[in-house]
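Undergrad: Need a 3D model of the following:
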Amino acid sequence: MLAVTLALVLAGCGSFGGKSENDQAGDAVTSLVEARNQGDFAKVCDLIASTQLAKFKQAGTTCEKALPKLAQKGTTTTIRIEQVRVSGDRATVDATVSHNAGAGLPQTILLLKESGDWKVAQVGF
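TA: Residues are numbered from 1 along each chain as shown. Below you'll find the model as predicted:
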């Protein structure tokens, strides 16, 4: 799963006010992609689920230390949210993802709700 999370990151969730759970989950994914594009790896790490952050620790590092070293410079990711499904504290986001204005590929992203915020737990890009 660490490799899957790293793939997402390499290519403040916070409170979103009165938005629906679906909107909040979609916003978390969009925020992660925007933070990655801006090179704000601290924010990226804030948007990753604790189960995934623990995998960095198991590897002897932290998210904040690992991501800048692994990121491909000059890569810009674009995401278009297609559908969000929420079931309790889990959500899936179906999206079209493209890198450097290339062809978009369909992806499904898993999120978990932690302490009231949606966090990215698994992704295929």
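
Undergrad: The strand or helix carrying Val93 - contacts with which helices or strands?
TA: Taking DSSP states H and E as the criterion, Val93 maps to strand 90-99. Judged by 3 or more CB pairs under 8 Å, 6 or more residues apart in numbering; DSSP states H and E, the packing partners of strand 90-99 are helix 21-37, strand 77-87, strand 105-114. Every C-beta, even on glycine, is put in place using the N, C-alpha and C of the backbone.

Undergrad: Give the buried residues for it.
TA: Neighbour-count burial for strand 90-99 flags Ala91, Thr92, Val93, Ala95, Val97, Ser98, His99 (criterion: 16 or more other CB atoms under 10 Å).

Undergrad: cool, stretch 74-82 as well?
TA: Residues of stretch 74-82 classed as buried: Thr77, Ile79, Ile81 (neighbour count, 16+ other CB under 10 Å).

Undergrad: tell me the pLDDT at the last one?
TA: Yep, that's Ile81 we're talking about. Note for Ile81: predicted pLDDT of 96.

Undergrad: got any ranges where this protein has weak pLDDT?
TA: 1-17, 123-125 (pLDDT under 70).
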